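[1] Sequence first, then the predicted structure:
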Amino acid sequence: SSLPQDAGGAPPPALAVRSSPGSRQIQLWHFILELLQKEEFRHVIAWQQGEYGEFVIKDPDEVARLWGRRKCKPQMNYDKLSRALRYYYNKRILHKTKGKRFTYKFDFSHLLLLLWDPRTEPGALGPCPEPPPQRPGMVAAGAGRRLPEP
DNA sequence: ACCGGAACGT
DNA sequence: ACGTTCCGGT
């Protein structure tokens, strides 16, 4: 009962990433997981043993190059890529492992909640999002509803 | 290296 | 919205 090459910080198979769902543009966290899934990029980016969800970018220039190729942004570099990663801090998708160089950690619990929330995946329930029926003189109740923030 | 504001593009 | 580009600060 052994999982052959299951590296330490890897997510459960439930989070196996399908490449670009629908026709929407590739997202960075998605792309990162994509690389992490493949052994061929183990020398570029890999899960960190020990901490669950933690990964280390072994070759920042190469990761940036690959990301730039995917997005057709040849001028991409690690400085810019890392800025995009930093935007994930507020969204609680990622955070930095302080002290450890090029090391970040996924927050899978938040990622799962985000994916579960229908508002995150707009096309998930059908190709045509129904416009809310607007009757004259009728105020749309709960128009400005937000997530119940914890 | 790492951070986060600001302006900008899609 | 989700980055990209640029950059002053730690």
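    Cool, the structure landed.
[2] DNA strand C contacts on chain A?
    Within chain A, the residues that sit near DNA strand C (Cβ under 7 Å from any atom of the strand) are A:26-29, A:67, A:71, A:73, A:75-76, A:79-81, A:83-84, A:87, A:91. In short, each C-beta sits where N, CA and C put it, glycine included.
[3] are any of those buried, and which?
    Buried members of those, scored by 16 or more other Cβ atoms under 10 Å, are A:Leu28, A:Trp29, A:Trp67, A:Met76, A:Leu81.
[4] Tell me which other helices or strands the helix or strand containing the last one touches.
    Right, the one you point to is A:Leu81. For A:Leu81, the element it lies in under DSSP states H and E is helix A:78-91. Contacts defined by 3 or more Cβ pairs under 8 Å, 6 or more residues apart in numbering; DSSP states H and E place helix A:78-91 against helix A:28-37, helix A:60-71, strand A:94-96.
[5] Quick check: the gap between the closest residue to A:Gly9 other than its chain neighbours and A:Tyr104.
    Counting by Cβ to Cβ, 6 or more residues apart in numbering, A:Gly9 lies nearest to A:Trp47, which is 3.8 Å off, once chain neighbours are set aside. Distance, A:Trp47 to A:Tyr104, by Cβ to Cβ, to the nearest Å: 11 Å.
[6] what residues do the two have in common as contacts?
    Taking Cβ atoms under 8 Å, 6 or more residues apart in numbering as the contact rule, A:Trp47 and A:Tyr104 both touch A:Glu54, A:Phe55.
[7] residues of the worst-scoring helix or strand of chain A on mean pLDDT that come out buried?
    Lowest mean confidence among the helices and strands of chain A (mean pLDDT, DSSP states H and E): helix A:108-116, at a mean of 88. For helix A:108-116, the buried set under the neighbour-count rule, 16+ other Cβ under 10 Å, comprises A:Leu111, A:Leu114.
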